[in-house]
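>>> just need the structure, nothing else, for what follows:
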Amino acid sequence: MTKRKVAAGSRRKRHDNGSAVVKFGPLADWVGFNLRVAQEAAFQAFSKLSREIGEHPGRFAILTLIAENPGISQTTLSNAAGRDKSSMTPVLEDLVRRGLVQRRKTDSDRRTYRLSLAPAGTRTLAKLNVCARTHEDNLDRAVGPRDRARFLRTLRRIAAALN
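Alright, predicted model coming up:
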């Protein structure tokens, strides 16, 4: 199949029954929509790499944040990861159940837990870091080395402005 240019506002999408052109109308030029499509593509690409080691890609950021901040509270972790506390609870329960994260109550507030990596979590994070480095290299090729710093500043500015 040869590559063809698709008119602005349309993208070629593969379907099980072949390929078709989908008209996106104003979505084609909306930052939010394109940001979401890019995020989904990046997540799927990382998911494919992490699946090879038997781990869920969403665990990478959580394990990294805990490793970088031993004793972090669940609330602080939720905020840092950009996730609400209610969606963080089942993730942490899974990580604790699997022996990757240790959760300890604090002496000053028995409702607050402090999180740290267990030895198995450190090993899992090391494997995920290999996947993440490959993924970052792929993203760097897509963004381009000259545009990386500016792109990261733009993403951070979007996140800060919308929080």
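>>> from here on, contacts and neighbour counts on C-alpha atoms
Noted.
>>> list the buried residues for the lengthiest helix in the chain?
Secondary structure assigned by DSSP state H gives helix 119-143 as the longest helix of the chain. Residues of helix 119-143 classed as buried: 121-122, 124-125, 127-128, 131-132, 135 (neighbour count, 16 or more other CA atoms under 10 Å).
>>> JSON lines for those residues, including distance to Asp29 and pLDDT?
Compiled in JSON lines, the buried residues of helix 119-143 are given as follows (distance: CA to CA, whole Å; pLDDT from 0 to 100):
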{"residue": "Gly121", "distance to Asp29": "41", "pLDDT": "97"}
{"residue": "Thr122", "distance to Asp29": "42", "pLDDT": "97"}
{"residue": "Thr124", "distance to Asp29": "39", "pLDDT": "96"}
{"residue": "Leu125", "distance to Asp29": "37", "pLDDT": "97"}
{"residue": "Lys127", "distance to Asp29": "37", "pLDDT": "96"}
{"residue": "Leu128", "distance to Asp29": "34", "pLDDT": "96"}
{"residue": "Cys131", "distance to Asp29": "31", "pLDDT": "95"}
{"residue": "Ala132", "distance to Asp29": "29", "pLDDT": "96"}
{"residue": "His135", "distance to Asp29": "26", "pLDDT": "96"}
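>>> mind putting those residues into JSON lines with distance to Phe151?
What follows is those, written out as JSON lines (distance: CA to CA, whole Å):
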{"residue": "Gly121", "distance to Phe151": "31"}
{"residue": "Thr122", "distance to Phe151": "30"}
{"residue": "Thr124", "distance to Phe151": "29"}
{"residue": "Leu125", "distance to Phe151": "26"}
{"residue": "Lys127", "distance to Phe151": "27"}
{"residue": "Leu128", "distance to Phe151": "24"}
{"residue": "Cys131", "distance to Phe151": "22"}
{"residue": "Ala132", "distance to Phe151": "18"}
{"residue": "His135", "distance to Phe151": "16"}
